[in-house]
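Asks: Okay, here's the prediction I keep looking at, along with the sequence it came from:
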Amino acid sequence: MPQHFHTAFELYPASFFDSNGDGIGDLQGAAQKLPYLRRLGVDLLWICPFCLSPGVDNGYDIADYQMVDPRFGTLDDFDALVARAKDLGIAVLMDLVVNHCSSEHEWFKRACADPCCEEAGFFYLRPGKNGQMPNNLRSNFGGSIWDPLPGHDDLYYCHFYAKEQPCLNWFNPELRARIYAMMRWWLARGVAGFRIDTIMSIGKDPSFPDYPPDLVGDGRCACGAMNDACQDTALTFLREMKAQVLSPCDAFTVGEVWGPLPPEKLKQLIGPDGVFTAIFDFSARSELTCRPGFYAYTPMPLKRWRDLTFAAAQRTPEGGLLALAVENHDSPRAVSCWLPESMRNSSGAKALAAVLMTLPGLPFIYQGQELGMTNVHFNSIAEMPDIQSAEEYRRALEHGLTPDQALSVLNRWARDHGRVPFPWSSAPQGGFTTGQPWMRLHQDYAAVNAAVQDDDPHSVLTAYRRLGQLRRRPELQTLLQYSALEPKDHQQDLEIAFFRVHGQQRLFTAANFGNAALTYQLQADAEMLFTCGTVLRRHDACALMPGSALIALLPEN
Ligand code: TEU
Ligand code: CA
């Protein structure tokens, strides 16, 4: 059985802390900041990709799986980070990106040099069909999934993301063997396991049929349609990975799996018979991402977020673990994305924290979330380096939006929001670097940063620290991670309230994101575990003022 963790943290290395002044965050920088994570109660650390990469998709295009990118440091730096983390009781997860590699990877270069060589079999190479692409799928970053194999105009290779991210052919046994060997190598270096990138994308139909065109209107269909149809294929590979690598090494895994999936599918992914330890719950996000582009996203009412999040918790199979993430490196900031406008501030951030940290599952805090960071105000598309932003901007213009309108769409939904340098202090460049940062800082860094929040008892950071401590209380662990969620009858749309029930234990969480007080019955001997904002208690009732939350342990009856 993999270990039990209490609070996880996602670290985006390029933007966390720069130790050498070149403007790019690095592994030594991350290692220096481990005590900060420790104080947050973090015991599981997912580090986004740091292997050799040309950086087309910020490290999600890997050119050498066993070499640290020199921008981030060396293998020795990584070993030191893992050792330091271990001393502090923090386990490290690698980001396993094996649906695709980089077009700079040796394997792909060999395939280009000789499409009949062994490594050519690691990719999907196909001839065109009647002078056209082999099929009509659209890549996740726009355009066809096919591009001509460099040097061979008669052959195409498949890429579900950028053209610099050729998809790996999981049907090839030698490819699988090499990936498993690489995974064992990292596990032997001391990583506890993997966050597994876009893993259901490995389920492909090697005959590459055409799919019915979708809403985008270019005659193509999103490549995810093939993955949806080929989940069983992906599962076959994942079961083999589990048997050959994960189980023997007791590795902890969290799969990046997009849902929502029905309970019988979930049982194949998590729980006693599942291939992963945990999967992310993206139910709310996938209601947005199914649209034809950012320009078509509409803000989700909090009530809808609540319903989807509760439904995900209730669908989770017995013993299965959900990885809870309200934001990550692919999303806008949670406070700006899910909360009503009047709550996009530290009160809203703290109340959301109380909810997140007591939902069933293992919370993953994304760097800066613990400071209540909001979306960035980007002044132009030139300030947004993400490859997806360029494509979404193009799509918005093509759809008829003006440049200003397209920019405001990106100011709402772009992945760049979470990728700006972490604000450590009010010093120049937020104390992130002594040099020129690779990406601009958040406009509010002088006010919203770790140093100013550090000893402020009312800061978002302090709230997260207290919640992190709560999650470590031994008597609450099973209750918090696995027990059932029972929604409370809601009085309002801008209210989130639920019980967690485990044997005789009953935990109650309530958060008020509206602009009127909410009142609840609460026995006088209920133990208040956490409050934020203004919570009034009298006899057996309590009132939550706007922007407040409580967590209470109810007396046994
Ligand atoms: O993301 C996969 C994925 O589903 C996203 O591309 C998603 O569709 C998009 O961000 C929604 O806005 C993973 C990584 O997390 C992402 O950073 C990578 O770009 C992608 O895989 C390719 O490796
Ligand atoms: Ca650096």
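Replies: Received the coordinates, thanks. Ligands and ions are numbered 1, 2, ... in the order given.

Asks: contact partners of stretch 202-217?
Replies: 98-99, 124, 126, 134-138, 158, 167-171, 219-222, 225-227, 229-235, 237, 291-293 (C-beta atoms under 8 Å, 6 or more residues apart in numbering). C-betas here are computed from N, CA, C, even on glycine.

Asks: try stretch 178-187
Replies: 65-66, 94, 96, 98, 168, 193-194, 241, 244-245, 249, 251.

Asks: Tell me which of the contacts of stretch 202-217 fall in strands.
Replies: Of the positions in the contacts of stretch 202-217, 126, 137, 138, 158, 221, 222 sit in strands, assigned by DSSP state E.

Asks: hmm, back to that, and the contacts of stretch 202-217, which of them are in helices?
Replies: The helices, defined by DSSP state H, take in 225, 226, 227, 229, 231, 232, 233, 234, 235, 237 from those.

Asks: Mark which of these are buried, thanks.
Replies: Neighbour counting by 16 or more other C-beta atoms under 10 Å classes 226, 227, 231, 233, 234, 235, 237 among the ones in helices among the contacts of stretch 202-217 as buried.

Asks: could those go into CSV alongside pLDDT and distance to residue 34?
Replies: Formatted as CSV, those follow (pLDDT from 0 to 100; distance: C-beta to C-beta, whole Å):
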residue, pLDDT, distance to residue 34
226, 98, 41
227, 97, 36
231, 97, 37
233, 98, 39
234, 98, 34
235, 98, 36
237, 98, 34
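
Asks: Also near ligand 1: which of those residues, exactly?
Replies: For ligand 1, no contacts are drawn from those by C-beta under 6 Å from any ligand atom.

Asks: which one of those residues is nearest residue 314?
Replies: Checking those against residue 314 with C-beta to C-beta, the nearest one is residue 231 at 21.7 Å.

Asks: how about the nearest residue to residue 308, chain neighbours excluded?
Replies: Excluding its sequence neighbours, the residue lying closest to residue 308 (C-beta to C-beta, 6 or more residues apart in numbering) is residue 283, at 4.3 Å.

Asks: okay, now that neighbour: neighbour count?
Replies: Neighbour count of residue 283, defined by other C-beta atoms under 10 Å: 21.

Asks: surely it meets residue 257?
Replies: No: using C-beta atoms under 8 Å, residue 283 is not in contact with residue 257; the gap is 11.2 Å.

Asks: Find the residues that touch each one of those two.
Replies: Common neighbours of residue 283 and residue 257 (C-beta under 8 Å, 6+ apart) do not exist.

Asks: Residue 546: what's it in contact with?
Replies: Residue 546 sits in contact with 342, 347, 512, 513, 514, 515, 516, 517, 533, where contact means C-beta under 8 Å, 6+ apart.

Asks: Need the buried ones from those residues selected in ChimeraX.
Replies: Remark: buried members of those, expressed as a ChimeraX selection using 16+ other C-beta under 10 Å:
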select :347,512,513,514,533
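
Asks: quick one: which of the contacts of residue 546 is nearest ligand 1?
Replies: residue 513 (24.3 Å; C-beta to the nearest ligand atom).

Asks: what about the closest one, distance to ligand 2?
Replies: 39 Å (C-beta to the ion, to the nearest Å).

Asks: And that residue, what's its pLDDT?
Replies: For residue 513, the pLDDT comes out at 98.

Asks: what's the pLDDT at the closest residue to it other than its chain neighbours?
Replies: What sits nearest to residue 513 in space, not counting adjacent residues and going by C-beta to C-beta, 6+ apart, is residue 494, at 4.3 Å. Confidence at residue 494, expressed as pLDDT, is 98.

Asks: Repeat that for residue 497.
Replies: So, for residue 497, pLDDT stands at 98.

Asks: Residue 1 now?
Replies: Confidence for residue 1, expressed as pLDDT, is 57.

Asks: residues of the top helix by length along the chain that come out buried?
Replies: In the chain, assigned by DSSP H, the helix with the most residues is helix 173-188. Residues 175, 176, 178, 179, 180, 182, 183, 186, 187 are the ones in helix 173-188 that count as buried (16+ other C-beta under 10 Å).

Asks: Over to stretch 129-138?
Replies: Buried-residue list, stretch 129-138, by 16+ other C-beta under 10 Å: 133, 134, 135, 136, 137, 138.

Asks: Could you export those residues as JSON lines, including pLDDT and distance to ligand 1?
Replies: Converted to JSON lines, the buried residues of stretch 129-138 look like this (pLDDT from 0 to 100; distance: C-beta to the nearest ligand atom, whole Å):
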{"residue": "133", "pLDDT": "96", "distance to ligand 1": "21"}
{"residue": "134", "pLDDT": "98", "distance to ligand 1": "21"}
{"residue": "135", "pLDDT": "98", "distance to ligand 1": "20"}
{"residue": "136", "pLDDT": "98", "distance to ligand 1": "19"}
{"residue": "137", "pLDDT": "98", "distance to ligand 1": "14"}
{"residue": "138", "pLDDT": "96", "distance to ligand 1": "12"}
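
Asks: Thank you kindly, that will do.
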